[in-house]
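J.: Quick one: sequence and predicted model below, then my questions.
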Amino acid sequence: MDAMSFFKQLFGKKKLDYRKRYDLLQEAISGTMSQVYKARDKETGQLVAVKILDMQITQKIDARWKGVRKPTEGEISILFDHPYIVKTLDQGLTTDGEQYLIMEYLEGTGLNNVLLIPHDMMAGSRTFYMRQVAEALAEVHKKGFIHHDICPRNLLFSGDASVLKLTDFGLTLPNQPPFTDPGNRTGTANYMAPELVRRKSTDIRLDIFSFGVTMYEMFTNELPWPRGSSDDPTASAKAAMSHSETPAPITKYRPQIHPVIAKAIHSCIEPDMNKRCPDMPHFLRMIKNADSDDREN
């Protein structure tokens, strides 16, 4: 679809008065780029998540790609119909001129919150969840995109904790120039690949690195490098710069981890992208025969 056809489709579509169409039950998430509400569709009674993007921030991000049509978050996310990716049901513009997404509503919480809980609700299931995230990311790459922000905050549990789903395509870009050219440093500092931090050319291995850091944390509640403070941008930047150093062995924090899992995760967080796990199908093959989180005693 060329730019003219896209904008005809986007702006020719009837704008949504989401306050009229939905009962906004509660604000589920208030982020830096959007607001997300738990809502009930007045026509169908279905519970959904209504995501309203911040216009100023969206325009600021899009302005980086002058002369090139960057796909919107809604346009990208609605492409996915995958069991481990949060489903986008509709997207477009509101009557206020804001971009919106209507998504499936998950009763569960984010992996970032679960990692703060003293009780280990993931005991014995980490490999199970890791496969789900790996399959979701493989689908993103198969569709020709780089997610750009794989981290615990963007992984959501279903209400019964049977599924861990990937969400938030706000920073997602096509896996092609000029979007992969040097200079675009977007993501979450503690999970950034060294090539991204140093503003080098990127590809899907950027996501593989962030995935590896996230899985390392899921198994250990620690990061492979010193953690930067979310309240101190300078500290976070310094932490991200350290990702070119050798990471702490995952066995330092989880001695009993299955050796196959340990090797696979470390292959993802290799600072040298040429030595890193090349793609998610390769990773899934690596862990194919690991049927438990930890080695047998």
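T.: Noted; the coordinates are in hand. Residues are numbered from 1 along each chain as shown.

J.: Okay, strands next: where are they in the stretch 1-150 of the chain?
T.: 22-30, 34-41, 47-53, 88-93, 99-104, 145-146 (DSSP state E, counting those that start in this stretch).

J.: and stretch 257-270, average pLDDT?
T.: Throughout stretch 257-270, pLDDT has a mean value of 97.

J.: Could I get the buried residue list for it?
T.: 257, 258, 260, 261, 262, 264, 265, 266, 267, 268, 269, 270 (16 or more other C-beta atoms under 10 Å). Backbone N, C-alpha and C define where each C-beta goes, glycine included.

J.: wait, which of the residues you listed is closest to residue 193?
T.: Comparing those against residue 193 with C-beta to C-beta places residue 269 closest, at 8.9 Å.

J.: The closest one contacts residue 224, correct?
T.: Yes: with contact defined as C-beta atoms under 8 Å, residue 269 reaches residue 224; the gap is 5.6 Å.

J.: what residues are shared contacts of those two?
T.: Listed as contacting both residue 269 and residue 224 by C-beta atoms under 8 Å, 6 or more residues apart in numbering are 213, 216, 247.

J.: can you list the residues you listed in CSV and add pLDDT?
T.: Putting these into CSV (pLDDT from 0 to 100) gives the following:
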residue, pLDDT
213, 97
216, 98
247, 92
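
J.: Nearest to residue 97 among those?
T.: Of all those, residue 97 sits closest to residue 213, with 36.9 Å by C-beta to C-beta.

J.: which among the shared contacts of residue 269 and residue 224 gets closest to residue 98?
T.: Nearest to residue 98 among the shared contacts of residue 269 and residue 224 is residue 213, at 32.4 Å by C-beta to C-beta.

J.: I'd guessed that closest one sits against residue 224; true?
T.: Yes: counting by C-beta under 8 Å, residue 213 touches residue 224, with 6.3 Å between them.

J.: got a list of what residue 193 touches?
T.: 202, 205, 206, 209, 210, 243, 273 are the contacts of residue 193 under C-beta under 8 Å, 6+ apart.

J.: Can you give me the distance of the fourth one to residue 49?
T.: Per C-beta to C-beta, to the nearest Å, residue 209 is found 28 Å from residue 49.

J.: of the two, who's got more company?
T.: Counted by other C-beta atoms under 10 Å, residue 209 and residue 49 do not tie: residue 209 has more neighbours, with 27 against 21.

J.: Surely the more buried one is in contact with residue 268?
T.: Yes: Residue 209 is within contact range of residue 268, at 6.3 Å (criterion: C-beta under 8 Å).

J.: Find the residues that touch each one of the two.
T.: Counting by C-beta under 8 Å, 6+ apart, the common neighbours of residue 209 and residue 268 are residue 276.

J.: circling back: let me know which of the strands of the stretch 1-150 of the chain is the nearest to residue 154.
T.: Smallest distance to residue 154 across these (C-beta to C-beta): 10.9 Å, for strand 22-30.

J.: Make CSV from the strands of the stretch 1-150 of the chain and add mean pLDDT and distance to residue 76 to it.
T.: Output for the strands of the stretch 1-150 of the chain, formatted as CSV (pLDDT from 0 to 100; distance: least, C-beta to C-beta, whole Å):
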stretch, mean pLDDT, distance to residue 76
strand 22-30, 81, 19
strand 34-41, 94, 14
strand 47-53, 96, 13
strand 88-93, 97, 9
strand 99-104, 97, 10
strand 145-146, 98, 6
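
J.: so of these, which one's packed in deepest?
T.: Neighbour counts (mean count of other C-beta atoms under 10 Å) averaged over each of the strands of the stretch 1-150 of the chain peak at strand 145-146, with a mean of 24.

J.: List of residues touching stretch 35-44?
T.: Contacts for stretch 35-44 (C-beta under 8 Å, 6+ apart): 18, 21-30, 46-52, 54, 105.
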